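Q: Provided below for reference: sequence and predicted model.
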Amino acid sequence: MSIVKKVGIDGKEVLFKASAAIPRIYRLKFQRDIYKDLRILEKSIGEGDEEHSNLDLFSLEMFENIAYTMAKHADPAIADDVEEWLDGFNTFSIYQVLPELIKLWGLNVQTDAEAKKNFGQQRGR
């Protein structure tokens, strides 16, 4: 099961998709753990206040890679290169998009957990 969400970025509606495949896709493309990276970003961005966040260039790159992975998963027609995809936007605010991606990922994880719980009940456990 997957969850798709539209997020407005630079006047465009961009689809993002979260599913159980995302950690694998992200790991294969970027050789990183999406769970750890999302946790780091969530701590770095704090309450979403640009003046009090602890974001560095590496964090920004992680965010762009996560956003790209979820967008490419939702729309395979997107370019195979992160930079080419990002070139399609004038602005791309981490403070606007990251909270939406975290919510989307949270919904996906919650859905997976509920499915496993219900599966156990169906088997008579």
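A: It's in.
Q: what about Lys43, which helix or strand?
A: According to DSSP states H and E, Lys43 maps onto helix 34-45.
Q: ugh, wrong one, Asn90
A: With elements delineated by DSSP H and E, Asn90 resides in a region that no helix or strand encompasses.
Q: once you drop chain neighbours, what's closest to it?
A: Using Cβ to Cβ, 6 or more residues apart in numbering and skipping residues adjacent in sequence, the residue nearest Asn90 is Asp10, 5.2 Å away. Every residue, glycine included, has its C-beta placed from N, CA and C.
Q: mind checking pLDDT for the one you found?
A: In the prediction, the pLDDT value recorded for Asp10 is 90.
Q: contact partners for it?
A: Listed by Cβ atoms under 8 Å, 6 or more residues apart in numbering, the contact partners of Asp10 are Phe89, Asn90, Thr91, Phe92.
Q: mind doing that once more with 10 Å?
A: Contact criterion Cβ atoms under 10 Å, 6 or more residues apart in numbering gives Gly88, Phe89, Asn90, Thr91, Phe92, Ser93, Gln96 as the residues in contact with Asp10.
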